[in-house]
Structures are given as structure tokens and as C-alpha cells.
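*Asks:* quick one, what's the 3D model for this:
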Amino acid sequence: MAIELRVHNRHGDRIDPVPFLVTVGLAFMFALSFGPMYGLSYGLSLAWSVALSTLAFAGLTLGAYVQLVRSAPPIDAGPLPPGPRFERLLYAALGVGVALVGLTLPLL
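*Replies:* Here you go, the predicted structure:
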């Protein structure tokens, strides 16, 4: 029995939910695996560290929903040209790189 996710953008068109699910999975991994550890290193209690990490995860999930689901282009918009796609990929790679460097700062 297959599970079918029916996700629609603001235009009512069905979209592929996989990019959103992958982004939310990565947000969960980063927020709730690194967040409590860094909260504890900054002197917060475990409860506050987990609560703030969960809040960060919720914010990242909301941002991913708005960007990848709600603002998804309509079906009849056609494919995105390669220039903007490469630019978005470059910015995403830079963002992940900055996040990883930022995660190492408390370890110095």
C-alpha cells in the first residue's frame, strides 16, 4: 500500500513534496542534533536547549514550506532557465558552508 502525499501550491496545482521533505529532514537533523549541544556549551539547561532547538526547527520548517510549497510556480510556468537554477544552487551551497563554519565556532 503506497502513501500518496497531495501537496498544493497557492495556485492549487499539485507539486512534488520531496524537496520540502528533504529540506525539513535536514533542518531536523541540524537543529536537534547540534542545537542542544551548543545550548549546553553556552550554559543553557538541557530543557532550554531542546526548546530553542525545536523552535529553530519550527522556523526552518515554516521557511521551507513558504519557499518550496506555497511559493512554488504554477505548472504552466514552464521550466526555470539554467542561469537562475545554478545561481540558487550556488547560494544554497554557500549558505550550507556558512552554517557549517558557524557550527564550529563554539568548538574553538
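
*Asks:* give the buried residues for the helix or strand hosting residue 38.
*Replies:* Per DSSP states H and E, residue 38 falls inside helix 18-41. By neighbour count on 16 or more other Cβ atoms under 10 Å, the buried set for helix 18-41 is 20, 23-24, 27, 30-31, 34-36, 38-39. Just so you know, the C-beta spots here come from the backbone N, C-alpha and C atoms, and that holds for glycine as well.

*Asks:* which residue sits closest to the spatially most central residue of the chain, ignoring its sequence neighbours?
*Replies:* Compute the mean C-alpha point of the chain, and by Cα atoms, centre = their mean the closest residue is residue 23, 4.1 Å away. The shortest distance from residue 23 to any non-neighbouring residue, by Cβ to Cβ, 6 or more residues apart in numbering, is to residue 64 (4.4 Å).

*Asks:* name the surrounding residues that touch the helix or strand where residue 102 lies.
*Replies:* Using DSSP H and E, residue 102 sits in helix 82-104. By Cβ atoms under 8 Å, 6 or more residues apart in numbering, the surrounding residues in contact with helix 82-104 are 30, 34, 38.
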